[in-house]
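Student: take a look and give me a structure for this.
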Amino acid sequence: MEKYANRPNKPRKKGPGRTIRRILLLVLLLGPSAVVLWELVFQPVLSLTHSVPEVSLSATSGIAFADSQTDPKDSVSVTDNLMKEQRFWQARLEAAQLDSIYLTLDMRQNALLLEVKGVTLRKVPIDRFEMSTMIRKMREAGQELPGAGRPNTMRIIKATVPKIPIRVLDMSKGVDSTAAAPASPTKPDSTEAVQLVSVIYEIEPGITLYVKQSGPMSRDNWYKEMEQFLRYRWENAVADVQKVLAGEPLQPDLWIKLEIPREDVLAIYRSLPGTPRLISRL
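Tutor: Numbering: from 1, shown residues only. Here you go, the predicted model:
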């Protein structure tokens with residue numbers, strides 16, 4: 001016993017490996033909190049300093065008021081709404097001339113439409129939606145989204161299920177309805193029936209569209225959806241911080257989150273081509 005009792009205590013080695021582990025643990029603990037703080041406080045405040053340019057009216061100058069009793073403000077408001085409707089339908093007409101399936105987001109009808117050649121293939125009611133603060137205030141003020149009046153290019157950023165090409169009806173034969181076919185045939189996974197279906201799209205110029213299945217989710221699916229959402233927002237937050245440090249202006253925080261039936265999320269995701277178009281109306 002005296003042999004072990006008299007043995008001097010050796011100091012613990014504090015090598016670089018232990019320091020790295022502590023740093024990683026700190027990042028894992030503070031990372032989600034930093035994303036939430038950036039998304040809810042700093043990013044909205046900084047983005048508000050760069051307002052979204054409102055679509056100008058080309059016909060408001062020189063408006064003739066037929067009724068002298070009509071309030072000029074009301075007449076301008078009516079003209080503004082009519083011009084917005086005209087731009088919306090012009091965009092749909094332009095998209096109908098393309099040989100490709102496209103999406104129409106109509107928040108007035110609370111619907112998401114899958115269309116081709118002007119024909120609606122699928123009209124999906126929106127069960128629930130959320131908007132960023134900027135888009136919500138634009139909607140309240142009667143403004144349009146950036147790029148309104150034309151079909152905007154969109155691309156798929158993240159998805160929780162594979163994009164398996166599907167066939168469309170004979171009426172759209174010859175239409176570019178799927179992305180490039182995979183090298184080998186891919187069959188749906190047997191567990192897909194219980195998997196969460198959530199897709200993130202980016203729309204030019206700088207709008208994010210989240211489309212996920214509505215209804216209750218299992219705990220595993222909730223974790224998966226939160227992981228996808230936080231990972232994407234973390235990447236955006238890091239990019240925004242780099243812009244701030246470089247002295248570059250931040251883009252407005254523009255995003256819309258839609259919840260629709262699960263089968264509709266899958267059908268839309270797998271029907272859209274590699275570079276689909278979106279027409280939107282707030």
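Student: name the residues of the biggest helix by length in the chain that are buried.
Tutor: In the chain, with assignment by DSSP state H, the single longest helix is helix 219-245. Judged by neighbour count using 16 or more other Cβ atoms under 10 Å, the buried positions of helix 219-245 are 221, 224, 225, 228, 229, 230, 232, 233, 234, 236, 237, 240. (Each C-beta comes from the backbone N, C-alpha and C, glycine too.)
Student: residue 197 is in contact with the fourth one, correct?
Tutor: No - the pair residue 228 and residue 197 fails to qualify as a contact (Cβ atoms under 8 Å) at a distance of 11.0 Å.
Student: show me the common contact partners of the two, please.
Tutor: Shared contacts of residue 228 and residue 197 (Cβ atoms under 8 Å, 6 or more residues apart in numbering): residue 160.
Student: quick check, residue 201 in a strand?
Tutor: Yes - when classified by DSSP: H, G, I helix; E, B strand; the rest coil, residue 201 is found to be part of a strand.
Student: neighbours around it, how many?
Tutor: Neighbourhood size, residue 201 [other Cβ atoms under 10 Å]: 22.
Student: from residue 211, how far out is it?
Tutor: To residue 211, residue 201 is 7 Å away according to Cβ to Cβ, to the nearest Å.
Student: in contact with residue 207: list those residues for me.
Tutor: By Cβ under 8 Å, 6+ apart, the contact list for residue 207 reads 145, 146, 147, 152, 254, 255, 256.
Student: and with 7 Å instead?
Tutor: Counting by Cβ atoms under 7 Å, 6 or more residues apart in numbering, residue 207 touches 145, 254, 255.
Student: repeat for residue 228
Tutor: Residues in contact with residue 228 (Cβ under 7 Å, 6+ apart) are 158, 160, 198.
Student: repeat that for residue 131.
Tutor: When contacts are counted by Cβ under 7 Å, 6+ apart, residue 131 is found next to 139, 256.
Student: just grab the bridge partners of it for me.
Tutor: Counting by DSSP bridges, residue 131 is bridged to residue 256.
Student: equivalent analysis for residue 278, please.
Tutor: residue 103, residue 152.
Student: near it, how many other residues are there?
Tutor: 23.
Student: pretty sure it contacts residue 150?
Tutor: No - in this structure, residue 278 is not within contact of residue 150 by Cβ atoms under 7 Å, at 10.2 Å.
Student: sorry, back to before: any chance of the contacts of residue 228 in CSV, with pLDDT too?
Tutor: Output for the contacts of residue 228, formatted as CSV (pLDDT from 0 to 100):
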residue, pLDDT
158, 88
160, 88
198, 91
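Student: from these, keep the buried residues only.
Tutor: Buried among these by 16+ other Cβ under 10 Å: 160, 198.
Student: and the contacts of residue 228 as TSV, adding secondary structure and distance to residue 80?
Tutor: Formatted as TSV, the contacts of residue 228 follow (DSSP: H, G, I helix; E, B strand; the rest coil; distance: Cβ to Cβ, whole Å):
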residue	secondary structure	distance to residue 80
158	strand	37
160	coil	40
198	strand	36
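Student: and of the contacts of residue 228, the nearest to residue 89?
Tutor: Nearest to residue 89 among the contacts of residue 228, counting by Cβ to Cβ, is residue 198 at 31.1 Å.
Student: for that closest one, list each beta-bridge partner.
Tutor: Here residue 198 sits in beta bridges with residue 212, as judged by DSSP bridges.
Student: list the contacts for it?
Tutor: 160, 212, 213, 225, 228.
Student: what does residue 87 give?
Tutor: By Cβ under 7 Å, 6+ apart, the neighbours of residue 87 are 148, 149.
Student: and with 10 Å instead?
Tutor: Residue 87 is in contact with 55, 144, 148, 149, 150, 279, 281, counting by Cβ atoms under 10 Å, 6 or more residues apart in numbering.
Student: from what I can see the second one touches residue 138, true?
Tutor: Yes - with contact defined as Cβ atoms under 10 Å, residue 144 and residue 138 form a contacting pair (7.6 Å).
Student: where in the stretch 151-282 of the chain is pLDDT low?
Tutor: 165-194 (pLDDT under 70).
Student: coming back round to it: turn the contacts of residue 198 into JSON lines, columns for distance to residue 264.
Tutor: Formatted as JSON lines, these follow (distance: Cβ to Cβ, whole Å):
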{"residue": "160", "distance to residue 264": "15"}
{"residue": "212", "distance to residue 264": "11"}
{"residue": "213", "distance to residue 264": "8"}
{"residue": "225", "distance to residue 264": "17"}
{"residue": "228", "distance to residue 264": "19"}
